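Q: Give me a 3D structure for the following:
(one chain, ligands or ions: 1)
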Amino acid sequence: MSHPTPTPHGFPQAIAPRAWWQRWWSSQSSHRQDRFAMLAPLAAVLLFLAAIVAAFGYLRLEEVEREQEAVKRDLEYAQQRLRLRLLERQEQLMRLARDISNKEMDPEEFMARAEALVVQYPELQAITWIDASRRIIASQVTPSLAAGNPWVAGEKLKPGDTETTFGLARDLLQPVYSQPAASTPTMPLLQLHTPLTEQGHFAGVILGEYSIDNLLRYAVPTEISAKYAVTLLDSRDNVLAGRAIPERQNSMGFLPWATHVNEDEVPVSPVGNGLILRAQAWRTSLGVVGSGLFWLVCALSAMTAWMLIANWRHTRRRMHTQNALVAETTFRRAMENSMLTGMRALDMQGRITYVNPAFCQMTGWSEAELVGRTAPFPYWPEEDHPILHARLQEELSGKIPPAGVQFRVKRKDGSLFDARLYVSPLIDALGKQSGWMTSMTDITEPNRIREQLSASYERFTTVLEALDASVSVAPLGSEELLFANKLYRLWFGTQATGHLQLVEQAGMPEQRLSDDGLDDVDGLAGLPTGTLTTARPENAEIYVAQLGKWLEVRSRYLNWVDGRLAQMVIATDITPRREAEELSAAQAERAHSASRLITMGEMASSVAHELNQPLTAINNYCSGMVTRIKDKKITDEDLLGALEKTSRQAQRAGQIIQRIRSFVKRSEPNRTLSDVPGMVAEAVELAEIEFRRRNVRLTYHIAARLPELRVDPILIEQVLVNLMKNAAESIDTAARPSARRNVELRVLPKIEEGLRAVEFSVTDTGQGLAPEVMERLFEAFFSTKAEGMGIGLNLCRSIVESHHGRMQARNLYNGQEVVGCCFSFWIPVTDSPQIDAFKDSGVTA
Ligand code: ADP
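A: Numbering: from 1, shown residues only. Take a look at the predicted model:
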């Protein structure tokens, strides 16, 4: 046996294990607990209702049983009385019958005794003496029945009249009761046939007839007929006498014990099953009070159940609301805790009522150390106390500006940081101000960033200032100067005039943006839609007389910091570069002239040969004329003719000299609109000198209606002469037979790189280009010739490229054999914008 362990104080320690149901309860989820808590009272109410129903049912059954017993008892008593009365009457009739059988009575005496009986006993209606042959000997009838009396003395009973009972009495020699039936139209009567015997033989009957009604009225005690509806029924349950209670319409028919009608029946014993006595209680104790109570309990239970359910629903709604509230609170708490801004609430007296974790983290003081404190707060640096007191007063009177105030905060470890404070009134649920909510942000970092920014700005401006380019930014359509670096200020001062001048001179007028068609302008922002996005930095080189400098001007559009569209102009001093370029251009020109001189030098023997002819001719004419003048054999006419011929030869010589002179003359580059056939003719005339000497044929084809080219004709002629000279030399070197000593020059219109152009090609039948020669063809000073300079083709290419054209060379083949080569170049037609029109002219590339 175990005893509770005594504690040191002597009390038994109550370590009773928790009851199983407690454990079970706590193991349930709160949701289930709620459910049980709601279901338990409901179940209790239903149980209570069930118990009430059962109790009612039980009591009711008891009562019914008791009533039933009472009915049975009463009915038994009534039946007893009825039986007694019938037996008494039977006794009297039997005595009458015995006297008749003993011949101690004649009909008169019978009548007298029968009358006495009929008068004395109201239930006896008639007493009739019938002999064995069913003849009526005498009949005494109660006066009320006398009028319709069927029993007339001397008459025989009609067949069928009580024949069965009569027969039965005769056979049994015992008194026999008839079986009354309610169906007879007259008042039903109960008959008693008492047989008469004569020396042991049947000698008729004494027929006693009872009124069943009277029998009921006088035989049943009044206390019973007062309590019950007492009726006499025939064997088929038809009412013979008495008043039956009609079938009760029971309002509680659905209750098991309510179906019963408090009644009972018994057969009346001497008559047997032919006569049944029934008693129906006038009032069954289907107590109004009982059922009322029952219904009340039912209604109350239903109401309680309904209220429980309603209450449960209400609780559930409240639970939902509560859950939502908890979630909301948790969310707010989480938000508050995760916030990086310190929050502090002050009551109206300046006492701290709340601080959030961020505030504690910022200051290093815990919540317990802060809440409840009044000024001076622990995070106030001592030296700032006076100012901070004043600030707190401002704060409490709501005078802190919405933009907040900045102040220094001391951490618990003594270090300081800058913070910004914003204050807003704290309004409680009733709309009353209960204090002030202050939010605090550590602005050390923003301050540091600002310092960094300003440092980087400084660096940036230092770089821009030191730049040897002038940088200026001005908004579009305004005279305002947004930015100008040192060089700009040095050159143009602090006004925007310089910027605008640069923009204008460089041909990038900003006005273009606003003056142009509205189509280009986005109606909303007023900014040009296409131009800006596709705008690339524009470049222009301009001479600014006021500075005496060449400037390269670049501009680009940008969104200024305030969102305005601005134009930035960067101008670089390019005067030294410009001068160098001019110098190199002059040198190139000199190189071109030199090259022409070289070409001529190379062609010197041909030129000498060409000049020799007219000079020889002149010499011949002159000698001839001198001889003939000496001999005086010449007429004036002959002399004139000879002089004219001489003069023509001299002119020809002069022309040759003139052409060579103009070719080699050093001239400034001069691009003019030049006629292509003219240029070609000049070049061909020069080249033909070489061709004649080398015995080479030149054929040329120039397309009709070629456009004019904006070129320097002397340079193009130089290229053509060079190519033709090389061609002739190549044919000579290849030592072709005279049938194959041809050079062909073709000039055709063409489309090259999407541009209209004129293509010149020189095709020869010479030795062609070896692969290694092809590689180095355009290199300066590359030559395969013993006396060649090797700068011809190099210059040709640079001339063509300076005219924005291209030059190329390729070999011509006959099967595997190289049969010559073709040099070609094209020059674009710059002045004619319409390629289509060019095509339409009928000339195709
Ligand atoms: P040069 O004529 O003084 O040698 P070029 O620059 O005119 O200098 O020519 C360079 C070289 O290209 C020549 O030496 C020659 O070998 C080759 N060449 C030029 N034209 C032709 C041509 N039509 N056929 C074959 N080779 C050529």
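Q: Burial check on the residue of the stretch 401-550 of the chain at minimum distance from the ligand, number of neighbours?
A: The ligand sits closest to residue 541 of the stretch 401-550 of the chain, with a gap of 33.5 Å, by C-beta to the nearest ligand atom. All C-beta atoms are positioned from the backbone trio N, CA, C, and that covers glycine. Residues within reach of residue 541, counting by other C-beta atoms under 10 Å, total 14.
Q: cool, residue 552 as well?
A: Neighbour count for residue 552, taken as other C-beta under 10 Å: 17.
Q: pretty sure it is in a helix, no?
A: No. Counting by DSSP: H, G, I helix; E, B strand; the rest coil, residue 552 falls outside a helix, being strand.
Q: List the beta-bridge partners for it.
A: Residue 552 has these beta-bridge partners by DSSP bridges: residue 541, residue 572.
Q: Please report the distance of it from the ligand.
A: From residue 552 over to the ligand the distance is 36 Å, taken as C-beta to the nearest ligand atom, to the nearest Å.
Q: Kindly report the same for residue 829.
A: In terms of C-beta to the nearest ligand atom, residue 829 sits 27 Å off from the ligand.
Q: Tell me which helix or strand the closest residue to that residue other than its chain neighbours sits in.
A: Nearest non-adjacent residue to residue 829, counting by C-beta to C-beta, 6 or more residues apart in numbering: residue 756, 4.3 Å away. If you go by DSSP states H and E, residue 756 is part of strand 755-764.
Q: Rounded mean pLDDT for that strand, please.
A: The predicted model assigns strand 755-764 a mean pLDDT of 94.
Q: Between the two ends of stretch 749-757, what distance do you get?
A: 6 Å (C-alpha to C-alpha, to the nearest Å).
Q: Check which residues of that stretch are buried.
A: 749, 750, 751, 755, 756, 757 (16 or more other C-beta atoms under 10 Å).
Q: from memory residue 72 sits against residue 265, does it?
A: No. Using C-beta atoms under 8 Å, residue 72 makes no contact with residue 265, being 10.1 Å away.
Q: For the two, indicate the residue with more neighbours.
A: residue 265 (16 against 13).
Q: hang on, the earlier thing: near the ligand too, which of the buried residues of stretch 749-757?
A: Taking C-beta under 6 Å from any ligand atom as the test, the ligand is in contact with none of those.
Q: could I get those residues as TSV with distance to residue 123?
A: Output for the buried residues of stretch 749-757, formatted as TSV (distance: C-beta to C-beta, whole Å):
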residue	distance to residue 123
749	161
750	159
751	154
755	155
756	157
757	159
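Q: between those residues, which is nearest the ligand?
A: Taking the buried residues of stretch 749-757 together and measuring to the ligand by C-beta to the nearest ligand atom, the closest member is residue 750, at 21.2 Å.
Q: For the closest one, which residues are in contact?
A: 756, 757, 758, 759, 826, 845 (C-beta atoms under 8 Å, 6 or more residues apart in numbering).
Q: Of those, which pair is most distant in space?
A: 756 and 759 (10.9 Å; C-beta to C-beta).
Q: Tell me the residues that contact both of those two, please.
A: Taking C-beta under 8 Å, 6+ apart as the contact rule, residue 756 and residue 759 both touch 749, 750.
Q: Tell me the residues of the protein that contact the ligand?
A: 726-727, 730, 764, 766-769, 773, 777, 782-785, 788-790, 792-793, 821.
Q: 5 Å instead, please
A: For the chain, the residues in contact with the ligand (C-beta under 5 Å from any ligand atom) are 726-727, 730, 766, 783-785, 788-790, 792-793, 821.
Q: ok, of those, which come out buried?
A: Neighbour-count burial (16+ other C-beta under 10 Å) applied to the residues of the chain next to the ligand gives 726, 727, 730, 766, 789, 792, 793, 821.
Q: Adding secondary structure and distance to residue 420, write these out as TSV.
A: Below are those laid out as TSV (DSSP: H, G, I helix; E, B strand; the rest coil; distance: C-beta to C-beta, whole Å):
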residue	secondary structure	distance to residue 420
726	helix	85
727	helix	88
730	helix	89
766	coil	90
789	coil	83
792	helix	81
793	helix	78
821	strand	85
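Q: quick one: secondary structure of residue 195?
A: strand.
Q: From residue 101, how far out is it?
A: Distance, residue 195 to residue 101, by C-beta to C-beta, to the nearest Å: 9 Å.
Q: Does the spatially closest residue to residue 550 that is not a sequence neighbour lie in a helix or a strand, and which?
A: Excluding the flanking residues, the one nearest residue 550 by C-beta to C-beta, 6+ apart is residue 578, at 4.2 Å. Assigning secondary structure by DSSP H and E places residue 578 in helix 575-602.
Q: Can you name every helix or strand that the following helix or strand past that helix contacts?
A: Using DSSP H and E, the helix or strand that follows helix 575-602 in sequence is helix 604-630. If contacts are counted by 3 or more C-beta pairs under 8 Å, 6 or more residues apart in numbering; DSSP states H and E, helix 604-630 sits against helix 636-664, helix 676-694.
Q: Pick the most buried one from those helices.
A: Ranked by average neighbour count under the criterion mean count of other C-beta atoms under 10 Å, the helices and strands packed on helix 604-630 are headed by helix 676-694 at a mean of 19.
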